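Visitor: pasting the sequence and the predicted model now:
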Amino acid sequence: MKVEQLSVFLENKPGELEHVTRLLEEANINIRALSLAGTSDLAILRLIVDEVDAAQKALKEKGFTLGEAPVVAVEIPDRVGGLNAILKLLSGRGITIEYMYAFAEKSGERAIMVFRFDRTDEAIDLLLKNGMTLLSGEDFRRVT
């Protein structure tokens, strides 16, 4: 199961991130997860939103450069060693994690890890065969 992620390429200057979030707010688009990484000049904002097509349209109309990538959202127990169990499986198969980010639910019972793999389909197969719960794009949009 893959989740569509948008990457927004930004100049690293005051107000640039707020401009993106304002455009999404005006288009009534909810951000479900994000990651921001950058240098002194440039940044990449990775977003999972509830309305991908509408977000692309809103941002492209204002001149933002976008990319898309399939990512994998994995539900893990929110406890000591929860992440390590997944990482052991992946490293044992030689699957590289290009990047990842996460959030924990309010209940504290589970966390959602978002991964970008070098071999996405193989990683999905491995995780499913080992009883991991993967979220679809629709599942991810409903996570609270």
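Guide: Ah, there it is. Numbers count the residues shown, from 1 in each chain.

Visitor: please save the CA atoms from the one helix or strand residue 91 maps to in PDB.
Guide: Element membership of residue 91 [criterion: DSSP states H and E] is helix 82-92. Coordinates of each C-alpha in helix 82-92 appear next as PDB, following Å, rounded to 0.1, in the frame of the first residue of the first chain:
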ATOM      1  CA  GLY A  82       8.800  -0.700  18.000                       C
ATOM      2  CA  LEU A  83      10.700   1.000  15.300                       C
ATOM      3  CA  ASN A  84      13.800  -1.200  15.700                       C
ATOM      4  CA  ALA A  85      11.700  -4.300  14.900                       C
ATOM      5  CA  ILE A  86      10.900  -2.800  11.400                       C
ATOM      6  CA  LEU A  87      14.400  -1.600  10.800                       C
ATOM      7  CA  LYS A  88      15.800  -5.100  11.500                       C
ATOM      8  CA  LEU A  89      13.500  -6.600   8.900                       C
ATOM      9  CA  LEU A  90      14.500  -4.000   6.300                       C
ATOM     10  CA  SER A  91      18.200  -4.000   6.900                       C
ATOM     11  CA  GLY A  92      18.200  -7.800   6.900                       C
END
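
Visitor: the following helix or strand past that helix pairs with which strands, parallel or anti?
Guide: Scanning forward in sequence from helix 82-92 by DSSP H and E, the next helix or strand is strand 97-104. Under the criterion DSSP bridges, strand 97-104 sits next to strand 110-117 (antiparallel) in its sheet.

Visitor: tell me the buried residues in the strand it pairs with?
Guide: Neighbour counts over strand 110-117 (16 or more other CB atoms under 10 Å) mark 111-117 as buried. C-betas here are computed from N, CA, C, even on glycine.

Visitor: which residues of this protein fall in strands?
Guide: For the chain, applying DSSP state E gives strands covering 3-11, 31-38, 42-49, 65-77, 97-104, 110-117, 133-135.
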